[in-house]
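K.L.:
Got a predicted structure plus its sequence, pasted below:
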Amino acid sequence: MNDTVDVKTLTIDGHEVSGRRGQTILEVARENDIEIPTLCHLDGLGDVGACRICMVEIAGSAKLLPACVATIFEGMEVLTNTERLQKYRRNILELLFAERNHVCSVCVSNGHCELQTLAQQQGLTHVRLPYRNPQLAVDASHERFTLDHNRCILCTRCVRVCAEIEGAHVWDVMGRGIDCTIISDLHQDWGSSSCTRCGKCVQVCPTGALFDKSKIGSDHPKYPDFLPYLNLMREAQ
Amino acid sequence: MSKLKLATVWLDGCSGCHMSFLDMDERLIDLAELVDLVYSPIVDTKVFPDYVDIALVEGAVASVDDEAKIKKIRAHSRILVAMGDCAITGNVPAMRNPIGPDAILDRAYIENASAQPQIPCVGVPRLLKIVRPIHEFVKVDVFLPGCPPSADTFHTALTALITGEPLDIPEITRFGA
Amino acid sequence: MDRSVLESDPQRVIEGMAIAAYAVGASKGFVYVRAEYPLAVARLTACLRDARRRGLLGNNIGNTPFNFDVEIRLGAGAFVCGEETALIASIEGRRGTPRPRPPYPAVSGLYGKPTLINNVETFANIAPIIRKGGRWFASIGSERSKGTKVFAITGKITNTGLVEVPMGIKLREIIEVIGGGVPGGHKFKAVQTGGPSGGCLPAEMLDIGVSYDALVKVGSIMGSGGMIVMDDTSCMVNVARFFIEFCMTESCGKCIPCRAGTAQMHTLLTRICEGHGTMDDLELLVELSDTIKNTSLCGLGQTAPNPVLSTLKYFRSEYIDHIVHKRCPAGVCNIHAPEPEARAHQNAGQEVVA
């Protein structure tokens, strides 16, 4: 980092804060203990701005910005938790719960699922939209892990961690729109794919879509916190 | 003050919510000071009363029978509470939705039958093609998620509903809790 | 209309690109064209070969130090690849999905390099502007939208086809004079502008002048320049469902509001078309539209609810007819389709006495 760091001052929810040029709204907010909810974002992975949960309002602009990718500018006035944003966040969560078969009560991630926690934080007590009830597969061909498409929210954290951190790029997305599906390699069984069995994807998965076979019931907390450390250590080398 | 009339109803659920309700243990005695339990699987009344103040409904709507019941309950209740995940999301009963009722009936009554495999068709309600939460059929006033909602959740929520105190549901429970 | 330019006058596009490249200092250009347009691809290829032979592309163009060449990239038929960041991803050989902007392509575009990206029609306009001057171009059109615009008129109209008109021209003139009006003694009902995610405008709106601002103001867009005319045989609820279905199947699936939101809107609209909708569904539709419009990642999602919002605004009574009176005024919808849940299980017994 050079000496001519450009410091920007801005307000987030009325708090005066500052950050370096190029920092995202999310980074600056979290440095200042202002919580912006996120779902596809994970510290240590490249951002895609896809879940739209972290959208924030900027004074003077009708357009909402995703806090995970939008960078700060001088004099910016950010609002992170207006009624309008809360409504959009609940709407998006409703869309997710209705999209696939998220049956919390029988899910391996019950109790430590980011989707479930987020729904509670955002005050979602029921889904008004009709459930889509799609018929989806469970890929248990891998000797150590299982992929349950019923719980997948297509955040692509697994895709990113495999490509960016592990360097294997086993995961990717197939199909379009509502038919999008996570696939391994060229849509073959996970068990017969080029998977290195590192298990990073399982740890970063926010829901019960990827889980460890050796764990039973809901005894399945995940530990995605290793990522920033891993990146730090790699940079230090 | 006259006691409020409380009903509890069991649609397509596992009765776990009712068990959890009973887990309020000695607090039930205090509760009985405030409400009369006028209709429930655990009391003897066979007909839903003309008027109840609070109706707690467990379970999803899975059959024509459930559908008729929930409509009737709604018509006779002041506050309708969707009790537990089945009533709110469809939950486990709705897990048959992607494959449909035929496959489920076949598995239960044909494939796994040890004697005289046949699907019962007399004296049992017709299954709906899709199991749905109760708010898709009637207006629901309070959603109390959880599988099941804990006894504490019941106690807090019922106390608030009886006394008219404000109730912050996401504070006390969530889907799958 | 871009297709017709590529098929009939590709030289104009290539010339525009070369001028633009000279202006920004680019040495490499790409034309991204759908593989479903083989004639456009063939003529473009011939045009490029010809231009290279004549020294109009390649190194030292016109004996100047300026080098520029153009490569054709074929799209695999994804609507979303019209979005600039998705188009760039597709050219790079990745999945055609958009990414959040900024950074805009002008800062970081193709292979991370600053990129000028424009529509075929825009490039086609450049050579005449250079030749005749900006003032000439600006003298055509309206206050904020300059020049001409090509529309593809289709649907229930006497003269279908492409028309090039000055900006600011009244919709009525395009439809009634140039298009020759609605044939067969039917009554004009609506015109949808801008492609599948444009809004449907009623007869009362025909007197607006066509410009980017004016169309957005009344709930539609200029978009691709598509113009679909509908008469009294069209059911506007069904039309809205049709266009949402298109957006649903063309959504790339990256962001949640567009992926799951358009699918939910389609479900709700289908319900209404089949006579099972409720007024609550209508409210949900409006709420979903608002969320999708404001939170979607790219233009596809941000405009996808337009057909629904505009028909709700201008043809609300048709929705009410479907929901409350269980009737499709145009007689298009199969309003008495059996409700999915009511379909009897084939092994079902009788109703049970509760």
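P.N.:
All right, it came through fine. Just so it is clear, the model here is predicted, and its values are computed rather than measured.
K.L.:
From A:F145, how far off is the residue in chain A that chain B sits nearest to?
P.N.:
Residue nearest to chain B within chain A (CB to the nearest CB): A:C104, separated by 2.7 Å. Where you see a C-beta, it was placed from the backbone N, CA and C, and this is true even at glycine. Remark: distance between A:C104 and A:F145 (CB to CB, to the nearest Å) = 21 Å.
K.L.:
Can you give me the neighbour number for B:L144?
P.N.:
Using other CB atoms under 10 Å in any protein chain shown, the number of residues around B:L144 comes to 31.
K.L.:
For it, give me its contacts.
P.N.:
Applying CB atoms under 8 Å, 6 or more residues apart in numbering or on different chains, one finds that B:L144 lies in contact with A:125, B:81-84, B:88, B:153-154, B:157, B:169, B:173.
K.L.:
what's the weakest-modelled helix or strand in the chain?
P.N.:
As the question left the chain open, I've gone with chain A. For chain A, scoring each helix and strand by mean pLDDT, DSSP states H and E identifies helix A:226-236 as the least confident one, at a mean of 87.
K.L.:
that's the wrong chain, I wanted chain B
P.N.:
helix B:100-105 (a mean of 93).
K.L.:
and it, does that touch chain C?
P.N.:
Yes: with CB under 8 Å from any CB of the partner chain as the criterion, chain C is reached by helix B:100-105 at B:101-102, B:105.
K.L.:
tell me which parts of chain B are close to chain A?
P.N.:
Selection of chain B residues close to chain A by CB under 8 Å from any CB yields B:82, B:85, B:88-92, B:94-95, B:97-99, B:130, B:132-133, B:135-136, B:140, B:143-145, B:147, B:169-170, B:174-176.
K.L.:
change it to 6 Å
P.N.:
Proximity of chain B to chain A, by CB under 6 Å from any CB of the partner chain, involves residues B:85, B:88, B:91, B:97-98, B:143, B:145, B:147, B:169-170, B:174-176.
K.L.:
Restricted to strands, list those.
P.N.:
The strands, defined by DSSP state E, take in B:F143 from the residues of chain B next to chain A.
K.L.:
who's in contact with A:A50?
P.N.:
Neighbour list for A:A50: A:40, C:254-255 [criterion: CB atoms under 6 Å, 6 or more residues apart in numbering or on different chains].
K.L.:
Show me the contact partners of the top helix by length along chain A.
P.N.:
For chain A, the helix with the greatest residue count under DSSP state H is helix A:83-99. The contact list for helix A:83-99, computed with CB under 6 Å, 6+ apart, reads A:52-53, A:119, A:122, A:124, A:127, A:129, A:131-132, A:153, C:256, C:260-261, C:291, C:295.
K.L.:
Among those, which lie within helices?
P.N.:
Per DSSP H, the subset of the contacts of helix A:83-99 in helices is A:119, C:256, C:260-261, C:291, C:295.
K.L.:
domains of chain A?
P.N.:
Following automatic domain parsing, chain A resolves into domains at A:3-81, A:86-224.
K.L.:
Please apply the same query to chain C.
P.N.:
With domains defined by automatic domain parsing, chain C comprises C:2-135, C:148-231, C:236-344.
K.L.:
got the end-to-end distance for stretch B:95-102?
P.N.:
Start-to-end span of stretch B:95-102 (CA to CA, to the nearest Å) is 13 Å.
K.L.:
May I see the buried residues of that stretch?
P.N.:
By 16 or more other CB atoms under 10 Å in any protein chain shown, the buried positions in stretch B:95-102 come out as B:95-98, B:101.
K.L.:
do stretch B:28-45 as well
P.N.:
For stretch B:28-45, burial by neighbour count (16+ other CB under 10 Å) applies to B:31, B:35-40.
K.L.:
Enumerate the residues of chain B near chain C.
P.N.:
B:64-65, B:68-69, B:101, B:119, B:121-122, B:124-130.
K.L.:
and if we set it to 8 Å?
P.N.:
B:63-65, B:68-69, B:72, B:101-102, B:105, B:119-130, B:132.
K.L.:
How about the residue in the stretch 1-150 of chain C that chain A sits nearest to: what's its closest non-neighbour residue?
P.N.:
At 3.8 Å from chain A, C:P100 is the closest residue in the stretch 1-150 of chain C, using CB to the nearest CB. When the adjacent residues along the chain are set aside, C:P100 lies closest to A:G49, with 3.8 Å between them (CB to CB, 6 or more residues apart in numbering or on different chains).
K.L.:
How about the secondary structure of that neighbour?
P.N.:
Assigned with DSSP: H, G, I helix; E, B strand; the rest coil, A:G49 falls in the coil class.
K.L.:
and it, how many neighbours does it have?
P.N.:
23.
K.L.:
list the contacts for it?
P.N.:
A:40, A:66, A:68-69, C:99-100, C:255, C:297.
K.L.:
got those as JSON lines, with neighbour count and pLDDT columns?
P.N.:
As requested, the contacts of A:G49 are arranged in JSON lines below (neighbours: other CB atoms under 10 Å in any protein chain shown; pLDDT from 0 to 100):
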{"residue": "A:C40", "neighbour count": "25", "pLDDT": "97"}
{"residue": "A:P66", "neighbour count": "27", "pLDDT": "97"}
{"residue": "A:C68", "neighbour count": "26", "pLDDT": "97"}
{"residue": "A:V69", "neighbour count": "21", "pLDDT": "97"}
{"residue": "C:R99", "neighbour count": "18", "pLDDT": "96"}
{"residue": "C:P100", "neighbour count": "19", "pLDDT": "95"}
{"residue": "C:C255", "neighbour count": "29", "pLDDT": "97"}
{"residue": "C:L297", "neighbour count": "28", "pLDDT": "97"}
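K.L.:
Would you mind giving those as TSV with distance to C:A152 added?
P.N.:
TSV is the format used below for the contacts of A:G49 (distance: CB to CB, whole Å):
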residue	distance to C:A152
A:C40	38
A:P66	34
A:C68	39
A:V69	36
C:R99	29
C:P100	31
C:C255	29
C:L297	27
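K.L.:
Give me the phi and psi for C:V308.
P.N.:
phi -70, psi -50 (degrees, to the nearest 10).
K.L.:
Next, the nearest residue to it once chain neighbours are set aside: secondary structure please.
P.N.:
Spatial nearest neighbour of C:V308, chain neighbours left out: C:A240 (4.7 Å); criterion: CB to CB, 6+ apart. Secondary structure assignment for C:A240 (three-state DSSP): helix.
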